[in-house]
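> next one to model:
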Amino acid sequence: MAGSKYFNSYLHVNGEEREVHFRAADTLLTVIREELGLTGTKYGCGNGDCGACTVNVDGWPQKSCLMLAIEALDKEILTIEGLKFTPIQQAYVEKNAFQCGFCTPGFIMNAHSLLSLFPDADDETIQDWMESNICRCTSYQEMMEAFHSVKNQR
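A predicted model of the protein is given here:
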């Protein structure tokens, strides 16, 4: 594209330094999916409302459709692919905490951050955090059961 400024840089994703080529206007979501091929992070609404694109940046949940890739330089990025075999993923399976599965990666990333940052979170805090994501299939009860099963194991 004429006049577009491209950057060649590195992102630290899932414990690996990955070379990326992106425009200044590219979102982290676009780079994760299209440049790195990590398609577990989903494009949902594109405006931060649904949470399907949630990843962890320096341990905190971040809606990657709202963050520019250039803002993620020198930060630790964790996607759903980086959470292989974690207790929260296993709990989602055991509690059938998904139906279509489209929103599941975002919910799991959000829950993972909450469990890591605030392991003793009260019910109100848990509810507040989980309300930042949307499930159209309404698996909320099962998701809360999955979350509490992991929290209670700690």
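
> could you pull out the helices for the chain?
Per DSSP state H, the chain has helices spanning 28-30, 87-94, 104-117, 123-130, 140-153. These are given in chain order.

> contacts for the fourth one, please.
By that I understand helix 123-130. 61, 107, 110-111, 113-114, 118, 121, 140, 143-144, 147, 151 (CB atoms under 8 Å, 6 or more residues apart in numbering). All C-beta spots, glycine's among them, are computed from the backbone N, C-alpha and C.

> 7 Å - rerun?
110, 114, 118, 143, 147 (CB atoms under 7 Å, 6 or more residues apart in numbering).

> quick one, domains of this structure?
Per automatic domain parsing, the domain ranges recorded for the chain read 7-81, 83-153.

> can I get these in CSV including mean neighbour count and mean pLDDT?
Shown next, in CSV, are the domains of the chain (neighbours: other CB atoms under 10 Å; pLDDT from 0 to 100):
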stretch, mean neighbour count, mean pLDDT
domain 7-81, 18, 96
domain 83-153, 17, 91
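
> let's have the helices of the chain in a markdown table, adding distance to Asn56.
Converted to a markdown table, those look like this (distance: least, CB to CB, whole Å):
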| stretch | distance to Asn56 |
| --- | --- |
| helix 28-30 | 11 |
| helix 87-94 | 12 |
| helix 104-117 | 5 |
| helix 123-130 | 13 |
| helix 140-153 | 16 |
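
> out of those helices, the one nearest Tyr10 is which?
Evaluated with CB to CB, the helices of the chain place helix 28-30 nearest to Tyr10, the distance being 13.8 Å.

> ok now the closest one, how far from the chain's centre?
11 Å (CA atoms, centre = their mean, to the nearest Å).

> check contacts around the spatially closest residue to Ala121 that is not a sequence neighbour.
Excluding the flanking residues, the one nearest Ala121 by CB to CB, 6 or more residues apart in numbering is Leu114, at 6.0 Å. Leu114 makes contacts with 121, 126, 129, as judged by CB under 7 Å, 6+ apart.
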